[in-house]
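Asker: got a structure for you, letters missing:
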């Protein structure tokens with residue numbers, strides 16, 4: 001199943017899961033408006049602009065012919081618009097797309113998540129794998145993942161839990 005990050009967040013939110021809030025944009029002007037909405041809703045100029053393609057590794061990936069990464073923090077709405085301008089219409093190459101890359105036609109402009117707590121934040125990674133030719137899915141949960149999840153989730157990942165379930 002291919003769904004974008006913003007679509008997955010809409011599904012999770014529907015079931016009461018707390019998600020990073022944001023707005024989808026298809027033009028730099030829409031990205032500016034989205035960043036202004038983020039500013040109004042969360043009282044922060046900072047936001048993050050995320051290319052929406054069906055591939056992982058967007059934060060380390062780059063737009064062909066430039067140094068623009070697929071995920072970048074913006075310090076104000078104008079910078080968010082500029083980042084969106086650099087992403088939209090470009091081809092993002094990541095470890096999962098191969099050299100051909102994928103065209104970026106949408107970006108997610110989301111609240112920048114800042115954790116001011118005393119303890120180190122924890123990162124969790126969850127995947128749902130449909131088992132081929134069955135109606136069973138495997139849910140795999142990991143913690144302590146680094147941004148370098150591929151290949152095979154590197155050595156910093158630790159097994160959290162797994163479970164099989166029927167998706168109905």
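Answerer: Now that the structure is in, tell me what you want to look at. The structure presented is a predicted model; accordingly, all values stated were derived computationally and were not measured.
Asker: how close does residue 58 get to residue 102?
Answerer: 10 Å (CB to CB, to the nearest Å). For the C-beta atoms, the positions are set from N, CA and C on the backbone; glycine is no exception.
Asker: give the residues shared as contacts by the two.
Answerer: 92, 94 (CB atoms under 8 Å, 6 or more residues apart in numbering).
Asker: quick one: average confidence on the longest helix that the chain contains?
Answerer: If you go by DSSP state H, the chain has its longest helix at helix 28-42. Helix 28-42 shows a mean pLDDT of 97 in the predicted model.
Asker: for it, which helices and strands make contact with it?
Answerer: strand 22-25, strand 47-51, helix 77-87, strand 107-111 (3 or more CB pairs under 8 Å, 6 or more residues apart in numbering; DSSP states H and E).
Asker: let me have the ones you listed in a markdown table, extended by mean pLDDT, distance to residue 1 and mean neighbour count.
Answerer: Formatted as a markdown table, the helices and strands packed on helix 28-42 follow (pLDDT from 0 to 100; distance: least, CB to CB, whole Å; neighbours: other CB atoms under 10 Å):
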| stretch | mean pLDDT | distance to residue 1 | mean neighbour count |
| --- | --- | --- | --- |
| strand 22-25 | 97 | 19 | 22 |
| strand 47-51 | 97 | 19 | 27 |
| helix 77-87 | 98 | 24 | 22 |
| strand 107-111 | 97 | 18 | 25 |
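Asker: format the ones you listed as JSON lines; extra columns: distance to residue 118.
Answerer: JSON lines is the format used below for the helices and strands packed on helix 28-42 (distance: least, CB to CB, whole Å):
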{"stretch": "strand 22-25", "distance to residue 118": "27"}
{"stretch": "strand 47-51", "distance to residue 118": "24"}
{"stretch": "helix 77-87", "distance to residue 118": "30"}
{"stretch": "strand 107-111", "distance to residue 118": "22"}
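Asker: and for residue 73, the neighbour number?
Answerer: Neighbour count of residue 73, defined by other CB atoms under 10 Å: 13.
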